[in-house]
Every structure is written in structure tokens, then in C-alpha cells.
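Colleague: structural data only, the sequence is not supplied:
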């Protein structure tokens, strides 16, 4: 287990330009009277330390995002791709309307169901992040 942690740390340091996180972040307690359960938690002053965990983790995440972005050739769609997307959307609606989806193989249906599940899952996680709560909105 320790060997895996050492390897993970070496990879993270290589990705982040060999910047190490500080061993102990600076901790300060809130100076005001806590009003919610979130105010009672300790506040980490990570932004003051240029080699702190926040900066380190941000650089590691940014490096991973850049790697995925370039290897997957991600990017916003061009204006020429919109008519093609509209045709595919119309084709999908036509498939539902004419019940052609009943002719799909189990493998095709599973792939399309998984893609649909991914869309719903990302939408749900985005809603949770936007609400900053798993259930309901805060009053």
C-alpha cells in the first residue's frame, strides 16, 4: 500500500511540476458566532501558501484536464457540425416514433441505455453541485 502511495505521489509531482504540498495547512477558527453547521468547521487558509495543497491539487487537476483534452481532441462544436447534429436528433425521434428501436440487438440497446444513463447522471450531479446540497434547495 505504501509503495502505491509513493508511486501516486511521484506521478502527481511530475504532473504538477514537482511542487510539494505543505505538510500542515494553516488553520484558523471563525471569529464570528457560528450560525450554521458549515460555519462551525475549521477554515483552511490554503491560498496564502504558494506550495499549499490547494495550489498543488489545482495544478494536478489542470494537468490531467489538459492531457485528456489533447488526447481526446475535445473542443467546442463548429457551426458546420450543427446541421449534422440536428439530422441525428431527428433520426432518433423517428426511431422512437416508428418503433425501430425494437429491432436493436441487446448490445446496441445496452450501449444506448448506458449513454442515456451517463447523460442523466451528469445532469443530476450538476444539479447537486448547483444546489450545494444532495436533496432540495436551502431556504
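Modeller: Great, that's in hand. None of these values were measured; they are calculated from a predicted model. Numbers count the residues shown, from 1 in each chain.
Colleague: neighbours of residue 98, how many?
Modeller: 9 (other Cβ atoms under 10 Å). Using the backbone N, CA and C atoms, a C-beta is placed for each residue, glycine as well.
Colleague: where's residue 77, which helix or strand?
Modeller: Under the criterion DSSP states H and E, no helix or strand holds residue 77.
Colleague: burial check on the residue nearest to it when sequence neighbours are not counted, number of neighbours?
Modeller: Spatial nearest neighbour of residue 77, excluding adjacent residues (Cβ to Cβ, 6 or more residues apart in numbering): residue 85 at 7.3 Å. Residue 85: 10 surrounding residues under other Cβ under 10 Å.
Colleague: I'd like the average pLDDT over stretch 122-132.
Modeller: Mean pLDDT, computed over stretch 122-132, is 88.
Colleague: equivalent analysis for stretch 100-112, please.
Modeller: The pLDDT scores in stretch 100-112 average 92.
Colleague: what's in contact with that stretch?
Modeller: 94-95 (Cβ atoms under 8 Å, 6 or more residues apart in numbering).
Colleague: about what we covered before: surely the residue nearest to residue 77 is in a helix?
Modeller: Yes: under DSSP: H, G, I helix; E, B strand; the rest coil, residue 85 falls within a helix.
Colleague: that one reaches residue 79, doesn't it?
Modeller: No: using Cβ atoms under 8 Å, residue 85 and residue 79 do not qualify as a contacting pair, with a distance of 11.0 Å.
Colleague: how close does the residue nearest to residue 77 sit to residue 59?
Modeller: If you measure residue 85 against residue 59 using Cβ to Cβ, to the nearest Å, the figure is 35 Å.
Colleague: repeat for residue 84
Modeller: Counting by Cβ to Cβ - residue 84 and residue 59 are separated by 37 Å.
Colleague: kindly report the same for residue 136.
Modeller: From residue 136 to residue 59 the distance is 35 Å (Cβ to Cβ).
Colleague: of those two, which one has the most company?
Modeller: Between residue 136 and residue 59, counted using other Cβ under 10 Å, the more crowded position is residue 59 (16 against 7).
Colleague: which elements pack onto the helix or strand hosting that one?
Modeller: Following DSSP H and E, one finds residue 59 within helix 53-71. For helix 53-71, the packing partners by 3 or more Cβ pairs under 8 Å, 6 or more residues apart in numbering; DSSP states H and E come out as helix 2-15.
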